[in-house]
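J.: Okay, sequence plus prediction incoming.
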Amino acid sequence: RDINQKLSKVQETIRNNVIDDKTAFSYEFENDDSLKEMSTSLLEKMKSIWKNGKYGVNDDPSLISAVLEYCSDPQIRKYFYTRKNAIASQGKYDNRELIQTFFSLSQEKAHLLGYKNAGEMHLWNTMAQSPIKAKEFLEQIAKAAKQKAEKELSFLQKTYHLDHLEQSDLAYYKRKYKQD
């Protein structure tokens, strides 16, 4: 029971840190030079965030995705991509230590209940049934997805004459290709 209470408290703190970190995010564009490819409705939405006539983005996922797809500045796209994938992983809302605590408590609970590990405890009544089966299933999916992604990446690089394509630029070039 004590472990369940600790797990619940850790989960709640992790969830709150994610919410708080997202809520704390804001970005103001100095000018609209890199936003020329955005639709008027997106620009209006971005302008409504800042009342000073400039364009801004908050934690709204649709705006973050829009910047990744339509912003012509690769540095800004990289900033947004990194931010989107690093929520609650640094600073005041850093969840990394809490996640370690969660895993340790889950392991302890699993052992108390007679399981070999937390993965076995969580998966026993699922289609995967065990961590080994889950890992094998994910490896199959990853292999197929990787092959497809490599083809898409190569195609975009050839189409747009790029030596290298950053992860942060994928949404932008995929959208450009669909529009062309």
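T.: Looks like it arrived, so ask away.

J.: And the strands in the chain, which stretches?
T.: Ranges of strands in the chain, per DSSP state E, are 27-29, 55-57.

J.: Turn these into CSV, columns for mean neighbour count.
T.: All C-beta spots, glycine's among them, are computed from the backbone N, C-alpha and C. Listed next are the strands of the chain as CSV, based on neighbours: other CB atoms under 10 Å:
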stretch, mean neighbour count
strand 27-29, 16
strand 55-57, 21
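
J.: who wins for proximity to residue 127 among these?
T.: strand 55-57 (38.8 Å; CB to CB).

J.: Can you give the contact residues for that closest one?
T.: 26-29, 32, 35, 43, 46-47, 49-50, 63-64, 67, 80 (CB atoms under 8 Å, 6 or more residues apart in numbering).

J.: for these, which one is nearest residue 121?
T.: Using CB to CB, residue 64 comes nearest to residue 121 of these, at 34.9 Å.

J.: isn't the closest one right up against residue 81?
T.: No: Residue 64 is not in contact with residue 81 according to CB atoms under 8 Å; the separation is 9.1 Å.

J.: In contact with the residue nearest to residue 129 when sequence neighbours are not counted, which residues?
T.: Leaving aside its chain neighbours, residue 129 sits nearest to residue 123 (6.0 Å; criterion: CB to CB, 6 or more residues apart in numbering). By CB under 8 Å, 6+ apart, the contact list for residue 123 reads 129, 130, 131, 133, 134.

J.: Of those, select the buried ones using a PyMOL command.
T.: Command for PyMOL, covering only those of these found buried under the criterion 16 or more other CB atoms under 10 Å:
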select buried, resi 131+134
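
J.: show me where pLDDT drops low in this structure?
T.: Along the chain, no part satisfies pLDDT under 70.

J.: Contacts only, for residue 12.
T.: Counting by CB under 8 Å, 6+ apart, residue 12 makes contact with nothing.

J.: And it, how far from residue 22?
T.: To residue 22, residue 12 is 16 Å away according to CB to CB, to the nearest Å.

J.: Can you lay out the contacts of residue 123 as JSON lines showing distance to residue 98?
T.: Formatted as JSON lines, the contacts of residue 123 follow (distance: CB to CB, whole Å):
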{"residue": "129", "distance to residue 98": "28"}
{"residue": "130", "distance to residue 98": "27"}
{"residue": "131", "distance to residue 98": "22"}
{"residue": "133", "distance to residue 98": "28"}
{"residue": "134", "distance to residue 98": "23"}
